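Below are the sequence and a predicted model; questions follow.
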Amino acid sequence: MKLGVLKGVVFQEAYQAYIKDRGLADISELVFERLLKVYPGLLVTSTDGFVDIAEVDTLSFIASDGTNISTEIFSRELKNIYLNQGHWKHLFTNAIKEIVHQEHNCQEILMNMIYAAAASTGSIVKNILLSEFKPKNFSLFDIQNLEQIDPTRQFFSAEEKHKIILISEEFDLLSNPEIKKKIYQLFG
């Protein structure tokens with residue numbers, strides 16, 4: 001996950017509101033930036049109505065990757081964000097939209113996060129098969145169609161496919177023609 005988001009006005013306002021509300025000293029701008037980038041994945045993992053510990057652990061690991069920040073910090077914050085979705089959704093959505101418009105490759109990063117989160121929500125057997133199939137540094141752009149991952153095309157539930165498209169639209173990710181083409185090629 002790339003570091004160094006251009007920190008615009010919306011990002012700064014969202015960050016200040018978040019740390020004020022949380023009242024915690026260990027929420028740096030970097031932690032907040034990483035939370036923003038895994039937030040779409042959290043939305044996808046909650047498609048089934050809950051987020052389990054394995055999903056939070058996966059998102060926490062991804063958020064902390066390449067930093068010296070403890071996964072426990074991300075785990076704690078992701079649980080808080082999930083439990084208080086109504087409170088944070090607008091704030092996070094606006095900050096993410098700002099990042100998407102300021103950072104060129106952020107769209108791909110967010111789409112890969114959404115895709116990885118959706119992939120982590122399947123059955124244990126399918127997740128094991130995916131991990132055997134999946135090359136290191138797997139990206140949405142590395143696959144041509146779902147048959148490369150799951151010949152039955154049932155790796156993602158209909159609800160997850162729908163949620164991925166909605167989230168992609170909500171965060172203005174489909175303004176990128178490459179991403180739009182890939183998403184609709186994969187999910188219809």
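All right, it came through fine.

Now the residue nearest to Glu170 when sequence neighbours are not counted: which helix or strand?
Nearest residue to Glu170, sequence neighbours excluded (C-beta to C-beta, 6 or more residues apart in numbering): Thr93, at 6.5 Å. To be clear about C-beta, it is placed using only N, CA and C from the backbone, and glycine gets the same treatment. Here Thr93, judged by DSSP states H and E, is contained in helix 85-102.

Check Phe74 too.
Phe74 belongs to helix 71-83 when elements are defined using DSSP H and E.

what's the answer for Ile27, then?
Using DSSP H and E, Ile27 sits in no helix or strand.

and what of the one 10 residues further on?
Taking DSSP H and E as the criterion, the element that holds Lys37 is helix 29-45.

could you point out which element follows that helix?
Later in the chain than helix 29-45, the nearest helix or strand by DSSP H and E is helix 53-64.

related to what we said a few turns ago, tilt between the helix holding Thr93 and helix 29-45?
Angle, helix 85-102 to helix 29-45, by axes from the mean of the first three to the mean of the last three C-alpha atoms, to 10 degrees: 110 degrees.

low-confidence ranges in the protein?
Scanning the chain for pLDDT under 70 picks out 1-6, 104, 115-156, 186-188.

Point to the residue nearest the middle of it.
Taking C-alpha atoms, centre = their mean, the centroid of the chain lies closest to Gly41, which sits 2.8 Å from it.

picking up where we left off before, what's the burial count for the residue nearest to Glu170?
Neighbourhood size, Thr93 [other C-beta atoms under 10 Å]: 19.

can you check the one 4 residues further on too?
Other residues within reach of Lys97 by the criterion other C-beta under 10 Å amount to 15.

Now it: closest residue in space, sequence neighbours ignored.
With C-beta to C-beta, 6+ apart as the criterion, Lys97 has its nearest non-adjacent residue at 5.5 Å, and that residue is Asp172.

ok, the one you found to Ile179 distance?
Here Asp172 is placed at a distance of 10 Å from Ile179 (C-beta to C-beta, to the nearest Å).

what does Ser157 give?
From Ser157 to Ile179 the distance is 21 Å (C-beta to C-beta).

ok, these two, which is more surrounded?
More neighbours surround Ile179 than the other of Ser157 and Ile179, with 18 against 14 (other C-beta under 10 Å).

Hmm, that one is touching Gln107, no?
Yes. Counting by C-beta atoms under 8 Å, Gln107 is a contact partner of Ile179 at 5.7 Å.

what residues do the two have in common as contacts?
Residues touching both Ile179 and Gln107 (C-beta atoms under 8 Å, 6 or more residues apart in numbering) are Leu173.

Can you mark which positions in stretch 35-52 are buried?
Within stretch 35-52, the residues scored as buried using 16 or more other C-beta atoms under 10 Å are 35-47, 51.

Make JSON lines out of the residues you listed and add distance to Glu72.
Shown next, in JSON lines, are the buried residues of stretch 35-52 (distance: C-beta to C-beta, whole Å):
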{"residue": "Leu35", "distance to Glu72": "14"}
{"residue": "Leu36", "distance to Glu72": "19"}
{"residue": "Lys37", "distance to Glu72": "18"}
{"residue": "Val38", "distance to Glu72": "15"}
{"residue": "Tyr39", "distance to Glu72": "18"}
{"residue": "Pro40", "distance to Glu72": "22"}
{"residue": "Gly41", "distance to Glu72": "18"}
{"residue": "Leu42", "distance to Glu72": "16"}
{"residue": "Leu43", "distance to Glu72": "22"}
{"residue": "Val44", "distance to Glu72": "22"}
{"residue": "Thr45", "distance to Glu72": "18"}
{"residue": "Ser46", "distance to Glu72": "21"}
{"residue": "Thr47", "distance to Glu72": "25"}
{"residue": "Val51", "distance to Glu72": "16"}
